[in-house]
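Participant: got a sequence here, can you build the structure:
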Amino acid sequence: MKSRVPLGETKEERFKRVIALRVKKLLKDLRLLGNLANKNFYSYTDEDINKIFLAIEEGLERAKSLFYVNMVSVDDILHKLWTENENSK
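Facilitator: Residues are numbered from 1 along each chain as shown. Next up, the predicted model:
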């Protein structure tokens, strides 16, 4: 079976490259989600909001549990990405 890791790129390097892109996109999407809170343009109920955030929280917990099941620690990487994102605002 042929390796999916490009020549010269380790699995760790690939992880760091891909996770940075995906976390950046996720944070952007969350900011866009927050834009929907403007009641001047959108109408929603408390039930709508509860369903939305329940789905997001469940998805986050599922993704997080996959890392723990695979014994991969990403806390330092995510903290660094979060810090960089906050500093770029």
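Participant: assign a three-state SS to residue 7, would you?
Facilitator: coil (DSSP: H, G, I helix; E, B strand; the rest coil).
Participant: check the gap between residue 17 and residue 81 for me.
Facilitator: Here the criterion is Cβ to Cβ, to the nearest Å. By it, residue 17 lies 12 Å from residue 81. Every C-beta, even on glycine, is put in place using the N, C-alpha and C of the backbone.
Participant: between those two, which is the more surrounded one?
Facilitator: In this comparison of residue 17 against residue 81, neighbours counted by other Cβ atoms under 10 Å, the higher total goes to residue 81 at 19 against 12.
Participant: which elements pack onto the least confident helix or strand in the chain by mean pLDDT?
Facilitator: Across the helices and strands of the chain, mean confidence by mean pLDDT, DSSP states H and E is lowest for helix 75-87: a mean of 72. For helix 75-87, the elements it packs on are helix 11-35, judged by 3 or more Cβ pairs under 8 Å, 6 or more residues apart in numbering; DSSP states H and E.
Participant: next, the angle from the helix or strand following the helix it packs on to helix 11-35.
Facilitator: The C-terminal neighbour of helix 11-35 among helices and strands, as given by DSSP states H and E, is helix 46-69. Relative orientation of helix 46-69 versus helix 11-35 (axes from the mean of the first three to the mean of the last three Cα atoms, to 10 degrees): 170 degrees.
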